[in-house]
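> below is the structure, and that's it, no one-letter string:
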């Protein structure tokens, strides 16, 4: 390895201290500093020339360095550029950028084949290709952007899945070379060849739009030329109260109580499974739903008819909780920054899941054993079997009970705005779909209010 000038390295270390680089990163910064000088010496770059940094980062990527290491290396070298004694000299006329290996062991990733996005850039009198954005970086940035906006990981999986299909459709072309015409062709392909539903095509378009706006930073443009899937009216599946009772009778514990809350409170499945002990208020008969769809909170009436079952479930959770404490478990799972804000919350009873999982989950990162809630797949599997046993003539899923909750309230005479708030819909037009699930009550002859019979 090329030996860096000792005085220069010393001044760089002093400059790190001035710029408040964390002490635990000093050694890493020095390592990238030495690697960068060795790289420039080998490929005849000027070390003070910022145009050499993209070549260096691309080389790190080809060597298999992870994205966090690439970013740290970039920060380390950019810090070097900002040193007072670092000046950009004349750029050499004929730099020799490193060539990409033909067979890289790091090409295959979870979401497709790795391919560097190379765009022409002028360096002196020579045109070269620099690595700006790869598909791996697209997925990595997508995950971080989703987290910053506090979207759910299901949203990330959906977006990543459609972007992966889009990547395959354009045959792994560099992300920054894609434009609106590519999107139009992909949407047309989905509508004409795949014959997807309109909602599916819109989901794909929203995923790609998110990538264009937040990852590649490009204008999405006008897609009016694309063939759009035909949208047809959708009426939710609703089952009657006797049918609901039949399904519940074919469910075992704790899935029968899960379905009673889905129907009795109009919950989404993930909202029900993420309930904690502290969300139940029996004195006020209110259930508080935290972090629902769109990270919104709301409150719904608690069904008094199932109070004994709910309190019995709390007693069961209390026994599991005490056994976990005796076994020295590390607490329940807390999301976001709750555990840093409330350091002992993970082991407090009020934060325990209302539907805890049967077994503890081992977390290798911290060598911990924690308790998660019942997984949604087990609920869906049990519900599917119960619907089959009930011999229903309708296709019923976990969301069917939420549809039935809204429809039965509307049928009982509750106004649409009240139902909207209970469901947590942002727009009343979303709730209006349930007006198609009940029998219309109309009078053949319209009368003036002055002619109404007021004797009753």
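Structure received. All values derive from a computational prediction rather than experimental measurement.
> alpha carbons only for contacts and neighbour counts from here, please
Fine.
> list the buried residues in stretch 333-341.
Across stretch 333-341, burial judged by 16 or more other Cα atoms under 10 Å covers 333-334.
> what about that stretch, distance to the chain center?
17 Å (Cα atoms, centre = their mean, to the nearest Å).
> for stretch 206-224, same thing?
18 Å.
> which residues sit against it?
By Cα atoms under 8 Å, 6 or more residues apart in numbering, the surrounding residues in contact with stretch 206-224 are 133, 138, 141-142, 145, 158-160, 162-163, 166, 175-176, 179-181, 183-184.
> any idea which helix is longest in this structure?
Of all the segments assigned as helix in the chain under DSSP state H, the longest by residue count is helix 307-327.
> which strands or helices does the longest strand belonging to the chain pack on?
Ranked by number of residues, the top strand in the chain under DSSP state E is strand 356-363. Judged by 3 or more Cα pairs under 8 Å, 6 or more residues apart in numbering; DSSP states H and E, strand 356-363 is in contact with strand 368-373.
> so which bits of the strand it packs on are buried?
369-373.
> one step back: in strands only, show me the contacts of stretch 206-224.
Among the contacts of stretch 206-224, none falls in strands (DSSP E).
> tell me the buried residues within those residues.
133, 138, 141-142, 145, 159-160, 162-163, 166, 175-176, 180, 183-184.
> what pLDDT does the model give the residue nearest the centre of the chain?
Against the mean C-alpha coordinate of the chain, by Cα atoms, centre = their mean, the closest residue is residue 153 at 2.6 Å. As predicted, residue 153 sits at a pLDDT of 82.
> now do the one 4 residues further on
In the prediction, the pLDDT value recorded for residue 157 is 91.
> what ranges does the chain have for its strands?
108-109, 112-113, 118-123, 126-131, 280-281, 286-289, 298-301, 356-363, 368-373.
> what residues are up against residue 250?
Residues in contact with residue 250 (Cα under 8 Å, 6+ apart) are 386-387, 389-390.
> against residue 334, how distant is it?
33 Å (Cα to Cα, to the nearest Å).
> residues near the residue nearest to residue 170 when sequence neighbours are not counted, how many?
With Cα to Cα, 6 or more residues apart in numbering as the criterion, residue 170 has its nearest non-adjacent residue at 7.3 Å, and that residue is residue 182. Burial of residue 182 is recorded as 15 neighbouring residues (other Cα atoms under 10 Å).
> could you check how far residue 182 is from residue 220?
Taken as Cα to Cα, the span from residue 182 to residue 220 is 11 Å.
> show me how the protein divides into domains.
If you go by automatic domain parsing, the domain ranges for the chain are 1-89, 137-214, 240-456.
> and the ones you listed as CSV, adding distance to residue 224?
What follows is those, written out as CSV (distance: least, Cα to Cα, whole Å):
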stretch, distance to residue 224
domain 1-89, 37
domain 137-214, 8
domain 240-456, 25
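> and of the ones you listed, who's closest to residue 228?
Residue 228 sits nearest to domain 137-214 of all those, at 6.2 Å, using Cα to Cα.
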